[in-house]
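Engineer: no sequence on this one, just coordinates:
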C-alpha cells in the first residue's frame, strides 16, 4: 500500500492507494479541486465501486479553516457505546449482565468480533459515565471502580487491544460528570496522562455538565492540548456545543465553529441527546435538514472532524424496523459517527442486518468526506424530502462484467427518498438529477443501486421513482453514464 503526500498551491492532499494510479488535479471553483485518476497500464481488471480494489482518501485543507490534525477520524468513527442502552446501572448484584462493568464491555466487544461488526468497520468499545470510583484516589488521580472493574481498566484495554478493538472512555470538562463522578476540571494534565499511560485508551468522550459554558472555548482546547502532549493518539469527542450552544446560537457562528470547535475536536455534539423513540430520532433528522453545501454546519464536517448527532438506537425496542433503517440511512448521509448503543447479545437478526449493511456503511465512510444535505420538499409529495451526498467518483462498466476500467470517472451521489408521513401507506417519490443535484446536472442516463436491498436496479433515463413506506426511506447510489454506454434497459 502506497501513502503519498501531494502538495499543490498549499492544499495538502493525502492519498492512500491500493493500485498504481496516475492523477491530475484541476481547480473547479475557489478552494475546491477535482482529482482525476487513471489506472496504470497492465494492472488487472476493475468492477463497480463495491468490487473495485481502490481506496482513495483525500483530505483538503480549505483556505479559510482547518480541522484538528491528530491523524484520527479521517472517516467517521464507528463502534459501540453503552450510554443509551445501559445508562448508569451500577447495581451488579441485581443486574449482573447489564451493569457498567468490565464483564459488560468484554462481552459486547467479543460479540463485535464474532458477529461481523469488526469486519464491517466498527472498532471502538466505548465506556460512558459511571465507570470511576466516586472520589479520586489519595494521590488525586482518577481510579476505576474496583468492584465493577476488578482487573482494572488497563487490563480491559489490553484485552480489547488483543482482539483488534479500541477502547473509549468518558469524562467531563467540569468538576463532575453528569451523574456526579469526578470531572476533569483542575486536573487536565494529570488526567490526560492517566488516560493515555495508565488506562491506555484510544478515545475519550468529554461531556459538559457542571461546567462554566462560557469557558468552553478555553477549557475544551486546553484539555485537547493536554491529550496531544501525552503522545498517544486519542480520539477526542466533545459535547461542545451541544445543548447550551443550541440555546445561545453560538455554534452556528462561522468563526466560533471553524476556529474553535473544529480545530479542537474530532467529533462534536450538536443537538439534544437521542432517546429510544422515533420522536427523538425524527427531531434530530429535522435538525439536519440543511438546504445546501454552503450551510455552516454542513461545511464544518469532514476528514478529521465530524458533526455528531448522537448514538444509533438500532436494535432497541423504541423504533420499528423501517425507522431503524431510516436512522442508519440518514446517519450515512450526515457523515455521522456510527456508534451503536444496543445489547448485542439480544439484538434481532433484522436489526443486525441493518447495522451490517456494508453498502450504506461505504457511503458513511466515503473518503471524500463531504456531509450531505436536504434538497427540499418541492415539487414532491406532501411530507416527503430528498437528501443527497456527493461521493468519490465511481468507475462504470456495462453489465458489471470484469473488464478494463474506462479512462474517465463519473459523478456519484448517495440519494435518500424520505416519506415523513406516519399514515396513508406508500408515497411515490421521484428523483430528478436536473432538479435535485447541484448546478442542474443534465444527466440523460444514470445507473441506480438500491443500497437497502443491496441490489442493482439498472439504467434510468432522466429520472427515477421509488415507492417509500410511511416513516421510512429509500436509499440509492446514482452515477452518471455517457450515452455511448447506456445500452441496457431500465430495470
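Structural biologist: The structure has been received and is ready for your questions. Remember, it's a predicted structure, so these values are computed and weren't measured experimentally.

Engineer: separation between residue 169 and residue 341?
Structural biologist: 16 Å (Cβ to Cβ, to the nearest Å). Quick note: C-beta positions are derived from backbone N, CA and C, even for glycine.

Engineer: who's in contact with residue 284?
Structural biologist: 271-272, 274, 309-310 (Cβ atoms under 8 Å, 6 or more residues apart in numbering).

Engineer: what about 7 Å?
Structural biologist: Applying Cβ atoms under 7 Å, 6 or more residues apart in numbering, we find residue 284 in contact with 271, 274, 309-310.

Engineer: quick check, pLDDT for it.
Structural biologist: pLDDT, residue 284: 95.

Engineer: now the host helix or strand of it: buried residues?
Structural biologist: Taking DSSP states H and E as the definition, residue 284 sits inside helix 278-287. Within helix 278-287, the residues that count as buried by 16 or more other Cβ atoms under 10 Å are 278, 280-282, 284-285.

Engineer: any chance of those residues in TSV, plus distance to residue 196?
Structural biologist: TSV is the format used below for the buried residues of helix 278-287 (distance: Cβ to Cβ, whole Å):
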residue	distance to residue 196
278	40
280	34
281	35
282	39
284	32
285	36
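
Engineer: just the contacts of residue 284: which are in strands?
Structural biologist: Using DSSP state E, no member of the contacts of residue 284 sits in strands.

Engineer: wait, residue 82 sits on residue 127?
Structural biologist: Yes: the pair residue 82 / residue 127 is scored as a contact, 6.2 Å apart, by Cβ atoms under 7 Å.

Engineer: show me the domain layout of the chain.
Structural biologist: According to automatic domain parsing, the chain is divided into the following domains: 1-64, 78-364, 375-491.

Engineer: which SS class is residue 154?
Structural biologist: Put simply, residue 154 is helix when judged by DSSP: H, G, I helix; E, B strand; the rest coil.

Engineer: got the contact list for it?
Structural biologist: Residues near residue 154 by Cβ under 7 Å, 6+ apart: 198-200.

Engineer: any idea how far residue 364 is from residue 385?
Structural biologist: Distance, residue 385 to residue 364, by Cβ to Cβ: 19 Å.

Engineer: what's the answer for residue 449, then?
Structural biologist: In this view, residue 449 and residue 364 are 16 Å apart by Cβ to Cβ.

Engineer: check residue 192 too.
Structural biologist: Applying Cβ to Cβ to residue 192 and residue 364 gives a distance of 30 Å.

Engineer: now swap in residue 241 and tell me
Structural biologist: Distance, residue 241 to residue 364, by Cβ to Cβ: 23 Å.

Engineer: looking at the two now, which is surrounded by more residues?
Structural biologist: Taking other Cβ atoms under 10 Å, residue 241 and residue 364 do not tie; residue 241 has more neighbours (28 against 23).

Engineer: just say helix, strand or coil for the most far-flung residue of the chain relative to its centre.
Structural biologist: For the chain, the largest distance from the centre (Cα atoms, centre = their mean) belongs to residue 138, which lies 39.4 Å off. With three-state DSSP as the basis, residue 138 sits in coil.

Engineer: OK, contacts around the nearest residue in space to residue 149 that is not next to it in sequence?
Structural biologist: Leaving aside its chain neighbours, residue 149 sits nearest to residue 102 (4.7 Å; criterion: Cβ to Cβ, 6 or more residues apart in numbering). The contact partners of residue 102, taken as Cβ under 7 Å, 6+ apart, are 149, 151, 156.

Engineer: hang on, the first one in a helix?
Structural biologist: No: with three-state DSSP as the criterion, residue 149 is coil rather than part of a helix.

Engineer: how near is it to residue 105?
Structural biologist: Separation of residue 149 from residue 105 (Cβ to Cβ): 9 Å.

Engineer: ditto for the second one
Structural biologist: Between residue 151 and residue 105 the computed distance is 12 Å (Cβ to Cβ).

Engineer: looking at these two, which is more packed in?
Structural biologist: More crowded of residue 151 and residue 105, by other Cβ under 10 Å: residue 105, with 25 against 13.

Engineer: my guess is the more buried one meets residue 127, correct?
Structural biologist: Yes: counting by Cβ under 7 Å, residue 105 does reach residue 127; the two are 6.2 Å apart.

Engineer: so where's the stretch 101-250 of the chain uncertain?
Structural biologist: 242-250 (pLDDT under 70).

Engineer: how about the helices of it, start to end?
Structural biologist: Secondary structure of the stretch 101-250 of the chain, counting by DSSP state H, counting those that start in this stretch: helices at 102-114, 117-120, 153-162, 188-193, 216-229, 242-248.

Engineer: for residue 460, find the nearest of these.
Structural biologist: The closest of the helices of the stretch 101-250 of the chain to residue 460 is helix 117-120. By Cβ to Cβ, the value is 29.2 Å.

Engineer: alright, I will stop here.
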